[in-house]
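>>> Provided below for reference: sequence and predicted model.
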Amino acid sequence: MNCIHLNFVSDKEGRKFLFPILPQDGLNEKTLNVVITDGDSQRIYPVFQQKAGIYGDYSEYMTRHGCACCSLTTALAAFVEKYVDLKPDGTISEVERKHFPEEVYTENYGKVMARQMPVSLYGISVILKKEGISAHAVQTLSASVCMRRTQTARRQPRPCSSAMMMYLA
């Protein structure tokens, strides 16, 4: 079982909190699914390993730059139905190529591995918006606005992804 289940439950005062059901095994798989349930609503967030050897031609890239790519893949797979089975190598070869000008894509991925740049936080927010996901890159906000918006987003039924340093509105 390579799933972590997080269920929203309410205490006697009606406050919601997450109750985890942790896996006994399967934590060394390529993908770990985090399943968040709130009543009848459920969303699956695939979380991807960033180790060499599991992404074919993109394996070395993942060990160097996989964090941004894996975070983008998680958000797309969780919020865009056509990407439910998307893997990080598909994010690079399909999604980035679709959303960025071909000359930019070719120039970046034509470099030696050490010189390639991962998709930026701004680039992630551009892709998410083009795919219909309301997202705001935190780096463009003042600290006080960022804190206020993040706190507001956490009170909503849709969890935010602070690991990506952006919140999905």
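Alright, I've got the coordinates.

>>> which residues of this structure fall in helices?
59-79, 88-90, 97-99, 102-109, 121-130, 143-155 (DSSP state H).

>>> weakest of those in terms of mean pLDDT?
Mean pLDDT is lowest for helix 143-155 among these, at a mean of 66.

>>> flag every buried residue along stretch 106-120.
For stretch 106-120, the neighbour count (16 or more other Cβ atoms under 10 Å) marks 109, 116, 118, 119 as buried. Every residue, glycine included, has its C-beta placed from N, CA and C.

>>> try stretch 122-134
Buried residues in stretch 122-134, defined by neighbour count with 16+ other Cβ under 10 Å: 123, 124, 125, 126, 127, 128, 131, 133.

>>> now stretch 32-41
Of the residues in stretch 32-41, 32, 33, 34, 36, 37, 38 count as buried by neighbour count, 16+ other Cβ under 10 Å.

>>> please flag which of these sit within strands.
Judged by DSSP state E, the subset of the buried residues of stretch 32-41 located in strands is 32, 33, 34, 36, 37, 38.

>>> list the beta-bridge partners for the third one.
This points to residue 34. Taking DSSP bridges as the rule, residue 34 bridges to residue 4, residue 45.
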